[in-house]
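Colleague: Predicted model follows, preceded by the sequence.
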Amino acid sequence: MQLFDVYDYMSIQPVRAKGSEIWDVNGRRYLDFYGGHAVISIGHTHPLYVEALTEQLNKIGFYSNSVINPLQTELAQRLGKISGYGDYSLFLCNSGAEANENALKLASFATGREKILAFEKAFHGRTSAAVSITDNSNIQAPVNRNHKVTFIPLNDITALEMELSSGEYAAVIVEAIQGVGGIRLANNDFLSDMRRLCNKTGTMMIADEIQCGYGRSGKFFAHQYAVDVYPDIITIAKGMGNGFPIGGVLISPKIEARKGMLGTTFGGSYLACSAALAVLTVMENEALIENAQNVGNYLMEGLKIIEGGMDVRGRGLMIGVDTYMMQAEVRRQLLDKYGILTGYSGKNTLRLLPSLTISENYADELLCALNNIMS
């Protein structure tokens with residue numbers, strides 16, 4: 001048997017990692033500005049994280065959600081405190097796509113409606129309902145395409161008001177910063193207007209914080225740059241477990257739970273909760289949200305003055321860089337010549353998604369390499 005050939009691999013085989021550095025099978029050192037697709041939030045193999053998982057594995061690694069797991073309650077309480085959503089409920093699952101599937105289901109249960117409003121260039125996952133609200137026909141099988149989803153341009157308040165005024169939508173789902181879409185920011189005023197229109201029309205507002213959340217933007221959630229905007233449902237994953245699979249749905253008190261409404265076999269396991277709790281501890285102990293904002297600002301300022309001219313967008317350590325060269329060539333040179341891993345979007349956008357522990361010294365290493373390439 002062989003692997004199903006669906007991935008476009010980088011020319012690197014990692015065998016060891018620490019902090020923001022990776023070493024390959026040949027012993028070459030790389031600087032990680034990709035973060036495993038925004039997953040590595042507290043750095044590779046953080047000692048506290050490794051210790052927490054090891055200790056938990058020596059106690060109990062798994063049992064289903066048919067028993068009480070006090071780590072789930074602890075995670076909900078700590079997550080509520082650090083995020084500012086202490087009055088919300090938490091449903092734990094395994095991934096971002098699964099979180100969005102459950103968010104859509106909750107919105108439909110709560111409203112009795114079936115239509116969803118989403119945005120052009122959005123990405124919400126590859127499972128059935130999640131991919132139907134993802135604006136990419138190339139990854140939608142015929143079974144995923146339906147009449148229940150409408151796409152409008154991001155930040156188009158006229159289109160938003162026209163659609164929601166029909167009163168037909170169960171939910172509107174938005175990324176405060178579109179990741180796969182090229183680091184495109186939803187305007188603060190647009191998010192405020194969305195909240196107002198959702199209140200007016202009885203529509204659930206879902207904030208997909210899977211990539212832009214968990215401190216990456218310089219706030220715990222990226223939508224929190226907009227004042228007094230509280231989504232009805234917030235989805236999380238990626239940086240939540242620092243590589244251990246875990247996702248979650250934060251649910252407003254206005255949505256009532258009932259037995260059997262949602263469920264999962266593996267979601268919220270002892271190991272997953274231990275990983276997530278360790279992440280929150282490190283984030284607080286090392287002030288990583290503040291670091292994301294400070295180093296992110298430093299990095300964006302440096303990117304803006306690189307010779308050759310580049311368009312720079314983002315918040316915190318979620319940064320998009322449009323170059324006049326094809327991103328594939330820029331990424332190839334960064335990887336092969338300078339040993340730096342980066343992500344991408346489209347033909348000309350680099351995506352920078354490093355660990356929230358990244359330092360200005362590492363930022364200088366990237367800036368120097370990009371300056372050499374672009375000049």
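Modeller: It's in.

Colleague: Geometric centre of this protein: which residue is closest?
Modeller: Taking CA atoms, centre = their mean, the centroid of the chain lies closest to Gln211, which sits 1.1 Å from it.

Colleague: Now it. Nearest residue, chain neighbours left out?
Modeller: Leaving aside its sequence neighbours, Gln211 sits nearest to Gly179 (CB to CB, 6 or more residues apart in numbering; 4.0 Å). Every residue, glycine included, has its C-beta placed from N, CA and C.

Colleague: Hmm, that neighbour is touching Arg351, no?
Modeller: Yes. With contact defined as CB atoms under 8 Å, Gly179 counts as touching Arg351 (7.0 Å).

Colleague: which SS class is Tyr27?
Modeller: Careful, residue 27 is Gly; it's not Tyr. Three-state assignment for Gly27 (DSSP: H, G, I helix; E, B strand; the rest coil): coil.

Colleague: In contact with it, which residues?
Modeller: Not one residue lies near Gly27 by CB atoms under 8 Å, 6 or more residues apart in numbering.

Colleague: now it: how far from Asn155?
Modeller: Per CB to CB, to the nearest Å, Gly27 is found 47 Å from Asn155.

Colleague: before we move on, what about Ile133?
Modeller: Counting by CB to CB, the gap from Ile133 to Asn155 is 18 Å.

Colleague: Comparing those two, which residue is more hemmed in?
Modeller: More crowded of Ile133 and Asn155, by other CB atoms under 10 Å: Ile133, with 25 against 16.

Colleague: What are the phi and psi values at the more buried one?
Modeller: Main-chain torsions, Ile133, degrees, to the nearest 10: phi -100, psi 10.

Colleague: That one contacts Ile116, correct?
Modeller: Yes. Taking contacts as CB under 8 Å, Ile133 lies within contact range of Ile116: 5.5 Å.

Colleague: Kindly point out which residues are neighbours of both of these two.
Modeller: Contact criterion CB under 8 Å, 6+ apart; residues shared by Ile133 and Ile116: 104, 149, 173.

Colleague: Surely the last one touches Ala99?
Modeller: No. Here Ile173 lies out of contact with Ala99, judged by CB under 8 Å, at a distance of 11.2 Å.

Colleague: And these two? Which one has more around it.
Modeller: Ala99 (32 against 26).

Colleague: Shouldn't that one be within a strand?
Modeller: No. Counting by three-state DSSP, Ala99 is located in no strand; its state is helix.

Colleague: rewinding a little: rebuild the shared contacts of Ile133 and Ile116 as CSV, extending it with pLDDT, distance to Gly267 and secondary structure.
Modeller: Below are the shared contacts of Ile133 and Ile116 laid out as CSV (pLDDT from 0 to 100; distance: CB to CB, whole Å; DSSP: H, G, I helix; E, B strand; the rest coil):
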residue, pLDDT, distance to Gly267, secondary structure
Leu104, 98, 16, helix
Val149, 97, 25, strand
Ile173, 98, 20, strand
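
Colleague: so where's the stretch 101-250 of the chain shaky on pLDDT?
Modeller: Along the stretch 101-250 of the chain, no part satisfies pLDDT under 70.

Colleague: What ranges does it have for its helices?
Modeller: 128-132, 157-164, 188-201 (DSSP state H, counting those that start in this stretch).

Colleague: re the thing from before, among the shared contacts of Ile133 and Ile116, which one sits closest to Leu57?
Modeller: Comparing the shared contacts of Ile133 and Ile116 against Leu57 with CB to CB places Leu104 closest, at 33.6 Å.
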